[in-house]
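Participant: my questions concern the predicted model and sequence given below.
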Amino acid sequence: MKTPEKFLRSKEAHKAPTFLDMVTDGLAMTFAPVSDFARSVGNHFILLAQAAFWAVRRPFRGRLFLEAADFIGVGSVPIIALVGGFTGMVTALQAVNQLKLVGVESYAGAATAVALATELGPVMTALMLSGRAGAGIATELGTMRITEQIDALETMAVSPVQYLVVPRVLIGMLITPILVLLFFGVGMLGAYLVAVKGLGVDPGGFASKLDSTLQMTHLVQGIIKALVFGMFFSLVGCFQGYHATGGGRGVGLATTRAVVIASVGILVLDYFLTDIILVVMPAKGGG
C-alpha cells in the first residue's frame with residue numbers, strides 16, 4: 001500500500017509537462033551543441049594550463065622529451081620532405097603557367113616562396129603532423145587510459161600531466177617550426193627544378209625576384225603559426241587520448257576525433273592568426 005508521500009511523488013512524476021518545461025527542454029536541446037563546444041574548449045584550456053604549471057616543476061625527465069622529439073620530429077621528416085617537395089613543385093608549375101600569360105614568369109619563384117613561407121608550409125606541415133603524430137599521441141595515451149596505466153601513475157604519486165602531456169605538447173610546439181623550415185627548403189628546391197630546369201625560367205631572374213620579394217617577416221609569420229599549430233595538434237591529441245573511454249573502440253574514436261578536431265582547428269586558427277599577423281607585421285614593398 002502506498003503511503004501519502006509516495007503517492008504524491010508518483011503523481012508528480014506522471015503529470016503532464018507544462019509549457020514552460022517544454023520551452024526549457026527545447027532550448028536546452030537547441031543549444032546543446034554550443035554548450036558542448038564551449039565545455040570542450042574550456043577543458044582543453046584547463047589541460048593546457050595544467051601542462052604549463054607542471055612544465056616548470058621538477059623533476060625534469062629528459063628521456064621523455066627525447067622520445068617525444070624522436071616520435072614527432074625525426075619520424076615525420078620523410079613525409080614532411082615528400083609533401084614539401086611536391087607542394088613546391090606543383091605551386092611553381094601553376095605559378096609559371098599563370099604568370100607566363102603576362103610575361104613575368106620570373107616571379108614564379110618569389111610567389112612560390114611567399115606562399116610556402118606564410119601559408120602552405122605551416123598549414124601543410126601541421127596537417128601532416130596531426131594525421132601522423134597527433135593520431136599516434138591520442139592512440140598511445142588512450143591505450144594507457146583504458147589499460148589503467150594512467151591510474152597507476154597517479155597511484156605512484158606521479159602527475160600524468162607532467163609525465164605524459166608536458167613532453168608531447170612542448171616538443172610538438174618546438175619541433176613544428178623546424179619541420180616547417182625543412183618543408184620550405186625542400187619545397188623551394190622542387191620549385192627551382194620545375195621552374196628553371198623543367199620550364200626554362202631564367203635562373204638569374206628566378207633568384208633576383210626571389211631575393212627582392214621574400215622578406216624575413218614572411219618566414220617569421222610561418223614560424224609563429226608553426227608554434228601555435230604545433231602546440232594545438234599535440235594538445236588535442238593528448239586531451240583526446242587522456243580522456244578516452246570505452247575500450248578499444250573508444251581509443252579508435254578518440255584518435256579519429258583528435259585528427260578531425262586538430263585539422264579543422266588548424267585551418268580556423270590559420271585565418272585568425274593571419275589576420276592578426278598582417279596587422280602587427282605588415283609586409284613591406286620589396287626593392
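Facilitator: Now that the structure is in, tell me what you want to look at.
Participant: surely residue 154 touches residue 160?
Facilitator: Yes - under the criterion of C-beta atoms under 8 Å, residue 154 makes contact with residue 160 at 6.3 Å. The way it works is simple: take the backbone N, C-alpha and C, and place the C-beta from them, glycine included.
Participant: of these two, who's got more company?
Facilitator: residue 160 (21 against 12; other C-beta atoms under 10 Å).
Participant: what sits against the more buried one?
Facilitator: By C-beta atoms under 8 Å, 6 or more residues apart in numbering, the residues touching residue 160 are 150, 153, 154, 242.
Participant: got a winner among these for most neighbours?
Facilitator: residue 150 leads the contacts of residue 160 on contacts (other C-beta under 10 Å) with 22 neighbours.
Participant: beyond whichever helix or strand it is part of, next helix or strand please.
Facilitator: Residue 150 is part of helix 149-155, with elements assigned from DSSP states H and E. Once helix 149-155 ends, the next helix or strand along the chain (criterion: DSSP H and E) is helix 160.
Participant: give the buried residues for whatever helix or strand comes next after that following helix.
Facilitator: Downstream of helix 160, the next assigned helix or strand under DSSP H and E is helix 166-192. Across helix 166-192, burial judged by 16 or more other C-beta atoms under 10 Å covers 166-188, 190-192.
Participant: next SSE after helix 166-192?
Facilitator: helix 203-213.
Participant: can you show me the CA trace of that next one as PDB?
Facilitator: Extracted in PDB, the C-alpha atoms of helix 203-213 (Å, rounded to 0.1, in the frame of the first residue of the first chain):
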ATOM      1  CA  PRO A 203      67.700  31.200 -63.200                       C
ATOM      2  CA  GLY A 204      69.000  34.800 -62.700                       C
ATOM      3  CA  GLY A 205      65.600  36.200 -62.900                       C
ATOM      4  CA  PHE A 206      64.300  33.500 -60.600                       C
ATOM      5  CA  ALA A 207      66.900  34.200 -58.000                       C
ATOM      6  CA  SER A 208      66.800  38.000 -58.200                       C
ATOM      7  CA  LYS A 209      63.000  38.200 -57.900                       C
ATOM      8  CA  LEU A 210      63.100  35.800 -55.100                       C
ATOM      9  CA  ASP A 211      65.700  37.800 -53.200                       C
ATOM     10  CA  SER A 212      63.800  41.100 -53.700                       C
ATOM     11  CA  THR A 213      60.400  39.700 -52.700                       C
END
